[in-house]
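1. Build me a model:
(one chain, ligands or ions: 1)
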Amino acid sequence: MKILISNDDGFQAPGIVALYEAISGIDGVQVEVVAPEQNNSAKSNALTLHAPLYVHRASNGFRYVNGTPADCVHIAMTGLLGYRPDLVLAGINNGANMGDDTVYSGTVGAAMEGYLFGVPAIAFSQVEFGWKHLDAAAQKARDIVQQMRQQQLVGSTPWLLNVNIPNLPLEQLGAIKLCRLGRRHAAEPVITQVSPRGQTMYWIGSAGAVKDDAEGTDFHATAHGHVAITPLKIDLTDHQNLGYWAQTASRLQAGLQAAAHADRTQEQA
Ligand code: MN
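-> So this is what the prediction gives:
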């Protein structure tokens, strides 16, 4: 099994080193790392279209790119590796990627890029910042991948999983729990400061507080010590409200037509 690993915290982050060491210990796997040179957290699925990308190899064999997480997976999949990986892993991220975070997450973005190319992919994140019990998270990631391999879940059907692991010792980590994404309130206000040269600087504020952490959400599961697994998809269509929007779009079109007719009548007058 050929596995591509990337992340968004950068190729030197403890999380990707731990993930690489854990995964490359699985029998019969071949692992390569292609990861951003710098921290690219919250870069989502961004691709670099207006600047060249360069790939370098670090002394530990990891390849690093002056681009985003999605850039790394994209160029790995489309030419750099020279083969198609069977599985793309991202992480282990420094901090949770739950609820609305998934929209911004570069960790999820890296995994999603693999999924977009039709390859099964998993984004791994530790819930708290600071890498506490990273060894346990890496061991859990390894166990999950090994089980998937044994149960032949990694095949030609692509899927995308978002996994959040509480910062707990291995023996205290609860069972894996299938979850939906929770929700957060809107983000905290921007923070403004004055630079030494007298200009106003804006710093993006923190993520919003948790709004929906009901049972069944990733927030709930990890708060109770479980490893939260959420299957993700890319279709952003609001399927539930397609009926409402069909009627609304008709009314909009009728209004547009009436307005255009009124304009023409006025021009002719
Ligand atoms: Mn990150």
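
2. Which single residue in the protein comes nearest to the ion?
-> Ranking the residues of the chain by distance to the ion (CB to the ion) places S41 first, at 3.3 Å. (C-beta placed from N, C-alpha, C; glycine too.)

3. Isn't that residue up against D9?
-> Yes: using CB atoms under 8 Å, S41 is in contact with D9, at 6.3 Å.

4. Same drill for these two, tell me which one is more crowded.
-> Neighbours per residue, other CB atoms under 10 Å: of S41 and D9, the larger number sits with D9, 24 against 21.

5. what about that one, distance to A51?
-> Taking CB to CB, to the nearest Å as the measure, D9 falls 21 Å from A51.

6. ditto for H224
-> To A51, H224 is 44 Å away according to CB to CB.

7. between the two, which one's more packed in?
-> Higher neighbour count among H224 and A51: H224, with 12 against 9, using other CB under 10 Å.

8. Neighbours of the nearest residue to that one once chain neighbours are set aside, how many?
-> Nearest-residue entry for H224: G174, 6.5 Å, with adjacent residues in sequence omitted and distances by CB to CB, 6 or more residues apart in numbering. G174: 14 surrounding residues under other CB under 10 Å.

9. Helix, strand, or coil at G174?
-> Recorded secondary structure, G174: coil (DSSP: H, G, I helix; E, B strand; the rest coil).

10. about what we covered before: okay, and the common contacts of S41 and D9?
-> Counting by CB atoms under 8 Å, 6 or more residues apart in numbering, the contacts common to S41 and D9 are 93-94, 107.

11. ok, which of those residues also contact the ion?
-> Restricting the shared contacts of S41 and D9 to those near the ion by CB under 5 Å from the ion leaves N93.
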